[in-house]
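> pasting the structure only:
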């Protein structure tokens, strides 16, 4: 089965995406894979499988590879004589900005290229933590209380200490701090505002139970991964997350009773709805007093959360076989014809 | 001042966009305008000003015009010898799908082309009426109660008659019906489901006062149009709206006291927030028992609601001079370098 992995992007998680892509190269070895690298200037390169290692990108050697341009239905590589067309479904593996904020979705939608990944709406609701809260409130999924601070606004936080400070629009723990008391606040906010104009403040619950569940819908059936209780110190900082993105060994299932697993799956299904069609997502939940709270939605989880699936290849195959169709509207110029005819009378 | 008008699109409102563009040609005659037509197959054409009339498009004559492709920072027209680059800010004037659903925003963001129009997030919250409700609830703006029906789900409506049925994701009254009693319901839903998988049901309030207000923010200041009380029969059907999109004469201001106008403006500002930066939008409000309710947000109003502005050219100039900057993230490969170094030890 053919599949192009699109990775890189102009994103703080650019390097993480490279790690995800090299990890999937191993995990999806039974696919006929091609690799499309989006560099930080949005030039697309067709990367040879043998060159799929981190150094190709960090050294700049990728610039010697052939570039690709977008045309309706696919990508085109210019050759000395003529051109070569690449028309295969894409796995959007660009984490963070570009990939998860709806830019790549809009781009691929415009060019009518089939893809696995969040659509524009799904991107907006998962990329910005404020909008994840809006969504959760609207569909009846519990989330922690929160406040929003703006870069040039008041730094007056009402949430009691300790609390957690996060840029509204980043993943992978970048710019996130736990604030234990007042003297730590300004620095934490300065760091978070380095990455975004708006910041979310949430209560920090020490030792809270956290559970990750990935899944997707294909042919009207929900498919769930196992539930993992991620290892953490206070929380994963960026360096640890970075390594985390190269995970490929299946993890141990969290020690949970069947009813709790079912409740997590029900919450997952409510969130997934029709919004996340076409995407394999990971939801990170908290369990507090036996109630499930949504922490965040990863619409392009690190290395596609392959380590949570017993048969990851089958999961990707099922998604590929049920990619949402493109918007096809036929314009017949009925109104212009009608009005021109009326004017002619 | 240079400005490219981008219009057409694969949208049920494709023809309306053509009318908007020809209207703006007259209204913005003091700009140095170029015209980019996106046909229903997403091919882009550079249209000569003299050919900017409806028949050029309805007859298919536009296909003889030069095509444009996208490159970083602009558009390129192939010529026999070399190529011509068009690097001017764009006014996104594609109504409905493509233009208002975030596709064009994603496309222009990817190619780093400056534009007036809703960003991806703003598109998602205004294009789908369900998400407009989510937004309004979250930011404390009143909206009518609503129900959502799905194409293959129950047709059991709890809202008392009469109510209004609308496809979730269309503008310009397409597929909208007022349902007065049970025998009318099935047909109204059949019509609405022609256009979308999901449908919104809202109470229909006969004779409700409706007010339209357009505006934008530039250089940290809100700019408002006059308030109009739109003329309507029951509501504007598509044919009337179509004509409505060619309006260019400034309308009469609604007969409202200053306090009500201020309240409408306050609601507008709350909705606009930082979400609609870069766009000139029109909010349609209801006034019920002296309370303001948001009906809908038009992030690319017909002919840019030029008829609501006393000095429309200045409005567009102000927007052009304060276009939100592109996302610029520099990747330095720090993590890959760090890890490669650690492995080398």
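That came through, no problem. Not measured: the values here are computed from a predicted model. Residues are numbered from 1 along each chain as shown, chains lettered A, B, ... in the order given.
> contacts only, for the residue of chain A found nearest chain B.
Relative to chain B, the nearest point of chain A is residue A:106 (1.6 Å; Cβ to the nearest Cβ). Any C-beta I mention is one placed from the backbone N, CA and C, and that applies to glycine too. Counting by Cβ atoms under 8 Å, 6 or more residues apart in numbering or on different chains, residue A:106 makes contact with A:120, B:102, B:103, B:104, B:105, B:106, B:107, B:109, B:110, B:120.
> and if we set it to 6 Å?
Going by Cβ atoms under 6 Å, 6 or more residues apart in numbering or on different chains, residue A:106 touches A:120, B:102, B:103, B:106, B:107.
> distance of residue A:208 from residue B:18?
55 Å (Cβ to Cβ, to the nearest Å).
> tell me which parts of chain A are close to chain B?
Counting by Cβ under 6 Å from any Cβ of the partner chain, chain A comes close to chain B at A:10, A:12, A:14-15, A:40, A:42, A:54, A:58, A:72, A:97, A:102-103, A:106-107, A:109-110, A:120-121, A:124, A:134, A:138, A:242, A:327, A:329, A:331, A:333, A:335-337.
> and residue A:266, what element?
In the assignment (DSSP states H and E), residue A:266 maps to helix A:258-272.
> same question, residue A:68
Residue A:68 belongs to strand A:67-71, assigned by DSSP H and E.
> cool, residue A:40 as well?
Using DSSP H and E, residue A:40 falls within no helix or strand.
> show me where chain A has its helices.
Ranges of helices in chain A, per DSSP state H, are A:14-27, A:54-58, A:103-110, A:120-127, A:129-139, A:182-195, A:238-244, A:258-272, A:312-320, A:334-344.
> so for residue B:290, which of those helices sits nearest?
helix A:129-139 (27.2 Å; Cβ to Cβ).
> any idea how far that closest one is from the chain center?
Relative to its chain's centre, helix A:129-139 lies at 16 Å (Cα atoms, centre = their mean, to the nearest Å).
> same check on stretch A:10-26?
Its chain's average C-alpha position is 12 Å from that of stretch A:10-26, according to Cα atoms, centre = their mean.
> residue A:5: neighbour count?
Counted with other Cβ atoms under 10 Å in any protein chain shown, residues neighbouring residue A:5 total 26.
> looking at strand pairing, list the partners for it.
Partner residues in beta bridges with residue A:5, using DSSP bridges, are residue A:35, residue A:91.
> need the contact list for it.
Contacts of residue A:5 by Cβ under 6 Å, 6+ apart are A:21, A:35, A:91, A:93.
> that older thread, and for the strand holding residue A:68, what's in contact with it?
A:43, A:44, A:45, A:46, A:75, A:76, A:77, A:111.
> the last one: what's it in contact with?
What it means is residue A:111. Residues in contact with residue A:111 (Cβ under 6 Å, 6+ apart) are A:70, A:72.
> if you set the cut-off to 10 Å instead, what comes out?
Listed by Cβ atoms under 10 Å, 6 or more residues apart in numbering or on different chains, the contact set of residue A:111 reads A:70, A:71, A:72, A:73, A:74, A:75, A:326, B:42, B:70, B:107.
> buried subset of those residues as a PyMOL selection?
Selecting the buried subset of the contacts of residue A:111 in PyMOL, with 16 or more other Cβ atoms under 10 Å in any protein chain shown as the burial test, is done by:
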select buried, (chain A and resi 70+71+74+75) or (chain B and resi 42+70+107)
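> farthest pair within the contacts of residue A:111?
A:326 and B:70, at 18.3 Å, using Cβ to Cβ across those.
> which of the residues in stretch A:159-166 are buried?
Neighbour counts over stretch A:159-166 (16+ other Cβ under 10 Å) mark A:159, A:163, A:164, A:165, A:166 as buried.
> now stretch A:144-153
Neighbour-count burial for stretch A:144-153, with 16+ other Cβ under 10 Å as criterion, is recorded at A:144, A:146, A:149.
> tell me how far that stretch lies from the chain's centre.
With Cα atoms, centre = their mean as the basis, stretch A:144-153 stands 23 Å off its chain's centre.
> just checking, what packs against the helix holding residue A:266?
Here helix A:258-272 touches helix A:120-127, helix A:129-139, strand A:209-218, strand A:221-228, strand A:281-288, strand A:291-298, going by 3 or more Cβ pairs under 10 Å, 6 or more residues apart in numbering or on different chains; DSSP states H and E.
> and the ones you listed, which is most packed in?
helix A:120-127 (a mean of 27; mean count of other Cβ atoms under 10 Å in any protein chain shown).
> got the angle for that one vs helix B:129-139?
20 degrees (axes from the mean of the first three to the mean of the last three Cα atoms, to 10 degrees).
> quick revisit: include mean pLDDT and distance to residue A:246 when you put the helices and strands packed on helix A:258-272 into CSV, please.
Compiled in CSV, those are given as follows (pLDDT from 0 to 100; distance: least, Cβ to Cβ, whole Å):
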stretch, mean pLDDT, distance to residue A:246
helix A:120-127, 97, 22
helix A:129-139, 97, 25
strand A:209-218, 97, 16
strand A:221-228, 97, 16
strand A:281-288, 97, 16
strand A:291-298, 97, 16
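> make CSV out of the ones you listed and add distance to residue B:273.
Formatted as CSV, those follow (distance: least, Cβ to Cβ, whole Å):
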stretch, distance to residue B:273
helix A:120-127, 14
helix A:129-139, 10
strand A:209-218, 31
strand A:221-228, 35
strand A:281-288, 27
strand A:291-298, 22
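> show me the one of the ones you listed that comes nearest residue B:264.
Nearest to residue B:264, of those and by Cβ to Cβ, is helix A:129-139 at 23.3 Å.
> the closest one versus helix A:258-272: what angle between them?
In terms of direction (the same axes, to 10 degrees), helix A:129-139 departs from helix A:258-272 by 110 degrees.
> who are the packing partners of helix A:129-139?
Under the contact rule (3+ Cβ pairs under 10 Å, 6+ apart), helix A:129-139 is packed against helix A:120-127, strand A:147-150, strand A:198-203, helix A:258-272, strand A:291-298, helix B:120-127, helix B:129-139.
> which residues touch the longest one?
Pointing back at helix A:258-272 there. By Cβ under 10 Å, 6+ apart, helix A:258-272 touches A:122, A:125-126, A:132, A:135-136, A:139-142, A:209, A:211-217, A:222, A:224-227, A:253-254, A:256-257, A:276, A:279, A:281-283, A:285, A:287, A:290-294, A:297.
> can you rerun that using 7 Å?
Contacts with helix A:258-272, where a contact means Cβ atoms under 7 Å, 6 or more residues apart in numbering or on different chains, come from A:139, A:141, A:211, A:213, A:215, A:217, A:222, A:224, A:227, A:281, A:283, A:285, A:292, A:294, A:297.
> any idea of the angle that helix forms with strand A:221-228?
Going by the same axes, to 10 degrees, helix A:258-272 makes 120 degrees with strand A:221-228.
> with the fifth one instead?
For the pair strand A:291-298 and strand A:221-228, the angle between their directions (the same axes, to 10 degrees) equals 100 degrees.
> go on, the third one?
Put simply, strand A:198-203 runs at 60 degrees to strand A:221-228, going by the same axes, to 10 degrees.
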